[in-house]
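In: My questions are about this predicted structure, shown below with the sequence.
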Amino acid sequence: LIFPFIQDNQTTYFSNRFIDDSKTFGEKNRRFANLSGVSKKLYYWDLNHSKVYLFEGIIDALSYYQLTGNDNFIATSQIIGKDSIEKINELTKAKIIIVSDLDEPGKEALKAIVKEYKDLSFFDFDNYLRTKYPALKPKIKDFNDYLQYLHDDFIERASIMEFDGNLSRSQAEAEAMKITGYRR
């Protein structure tokens, strides 16, 4: 998958993601190409919202989009930092809500940003998982992991409902969507 970063109607940067993690792009583990020396790389759809959700990576932002259908997101190509916040403030007056990864670098970046920018909000993803899915919390490190869990749970529930509940596949999927909150 290739994600272009466009600035002033020109592609300035792109990031890629392999479905098979054993493959690489160019040199070992290279997953991006900087076409213009741009240092503040943001991927976004629509900033005309009262609030925007800021994600550390494109895949997490697109997972949010798939789960919610909302296009009010921004993704960086790196750990969320001061450069990202300043660039976003140049682009929009929307309230920024940070959704950091749950790995150590993500947690440390969030602490630093909250300390520096008192007026920013953040989605407490860690607390959300701890209260809604306590057994899963150690297994989920970002929004994409969460989407994958919901998908797997959805498939499992739909299959059980189809076979045990004597429902058609479409009826079973509709019921499983209600239970899991998963959207296609």
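Out: Yes, it's here.

In: Farthest from the middle of this structure: give me that residue.
Out: For the chain, the largest distance from the centre (Cα atoms, centre = their mean) belongs to Asn166, which lies 35.9 Å off.

In: Now that residue: phi and psi?
Out: phi 60, psi 40 (degrees, to the nearest 10).

In: ok now do it, which residues does it touch?
Out: Under the criterion of Cβ atoms under 8 Å, 6 or more residues apart in numbering, Asn166 has no contact partners. The way it works is simple: take the backbone N, C-alpha and C, and place the C-beta from them, glycine included.

In: confidence score at it?
Out: We have a pLDDT of 76 for Asn166.

In: And Ile113, by the same measure?
Out: 84.

In: Find the nearest non-adjacent residue to Ala158, please.
Out: Ala176 (3.9 Å; Cβ to Cβ, 6 or more residues apart in numbering).

In: That should have said Tyr43, apologies.
Out: Closest to Tyr43 by Cβ to Cβ, 6+ apart is Ala75, at 4.4 Å.

In: I'd say Ala172 and Glu162 touch.
Out: Yes. The criterion here is Cβ atoms under 8 Å, and Ala172 meets it with Glu162 at 3.9 Å.
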